[in-house]
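**Q** Fold the following and give me the result.
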Amino acid sequence: MKKLANYLLQGILYIAPLSITAYIIYSVFMFLDGISQKLIIKYFDVQIPGLGILGLFVFLILVGIIGRTIIADPLKLLFKKIIIRIPLLNFVYSALNDLFSAFVGKEKKFNQPVLVKVNLISDLEKLGFITEENLTVLGEQEKVAVYFPHSYNFSGELFIVPKDQIKPINVNSGDLMKFIVSAGLTGWQKG
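**A** Now for the predicted structure:
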């Protein structure tokens, strides 16, 4: 009996957020549809069914804007201020943040997939991504930085590679990353 009660509570916890959200959206829709219908009929003497959908759409966008500017952004800023004050956490956070923004951020860094010869005798090649082409800071004009992700792991290695051992390949960067991380098991997207 105790197990059934536990399952009941878990079921409620799974369903409640979705149900409450659906109820709120339905209520807002009905409210906005009712008001908009009354106003349209009063001023234009025309009935437009479903006008509440437009009102609901605008309402949800406004809630999203308010939620982002008043709640999410200030919390993110507070979190960053706390992290910056703790040296080790700041180092780990900034490294991970840079790595993730390189994958999905505004300045995607893994957008130049390449095939690199790593053994000239056996023609062994490795898949990677050029992350930096200008290595003058290292005193290297004829080399580039190439990141080689590991399979089945969210790690990788950075190599400084001669440009003549790199062959750009014309594939989608995201598909190549999935291909490497899955050890070649995902296959390629058919286009």
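**Q** count of residues packed around residue 156?
**A** Residue 156: 18 surrounding residues under other CB atoms under 10 Å. The way it works is simple: take the backbone N, C-alpha and C, and place the C-beta from them, glycine included.
**Q** hang on, isn't it packed against residue 146?
**A** No: between residue 156 and residue 146 there is no contact under CB atoms under 8 Å: 10.0 Å.
**Q** Doesn't residue 160 lie inside a helix?
**A** No: under the criterion used here (DSSP: H, G, I helix; E, B strand; the rest coil), residue 160 is strand, not part of a helix.
**Q** Just list whatever residues bridge to it.
**A** residue 145 (DSSP bridges).
**Q** can you pull the contacts of it?
**A** Contacts for residue 160 (CB atoms under 8 Å, 6 or more residues apart in numbering) come out as 135, 138, 140, 143, 144, 145, 146.
**Q** Skipping adjacent residues, who's closest to the second one in space?
**A** Residue nearest to residue 138 in three dimensions, not counting chain neighbours: residue 160, with 7.0 Å by CB to CB, 6 or more residues apart in numbering.
**Q** Kindly report the same for residue 111.
**A** Per CB to CB, 6+ apart, closest to residue 111 is residue 173, 5.0 Å.
**Q** Count residues in the vicinity of the one you found, would you?
**A** Neighbours of residue 173 (other CB under 10 Å): 15.
**Q** Quick check, it in contact with residue 127.
**A** No: using CB under 8 Å, residue 173 makes no contact with residue 127, being 11.0 Å away.
**Q** Now do the shared contacts for those two.
**A** residue 113.
**Q** that older thread, okay, the residue nearest to residue 138: pLDDT?
**A** pLDDT recorded at residue 160 is 85.
**Q** And for the one 3 residues further on?
**A** Per-residue pLDDT puts residue 163 at 88.
**Q** what's the answer for residue 143, then?
**A** 90.
**Q** check contacts around it.
**A** By CB under 8 Å, 6+ apart, the contact list for residue 143 reads 135, 160, 161, 162, 163.
**Q** Which of the residues you listed are buried? Put it as a PyMOL command.
**A** The buried residues among the contacts of residue 143 can be selected in PyMOL (16 or more other CB atoms under 10 Å) with this line:
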select buried, resi 161
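**Q** Need the contacts of residue 143 in a markdown table (columns: distance to residue 97).
**A** Compiled in a markdown table, the contacts of residue 143 are given as follows (distance: CB to CB, whole Å):
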| residue | distance to residue 97 |
| --- | --- |
| 135 | 23 |
| 160 | 24 |
| 161 | 26 |
| 162 | 31 |
| 163 | 30 |
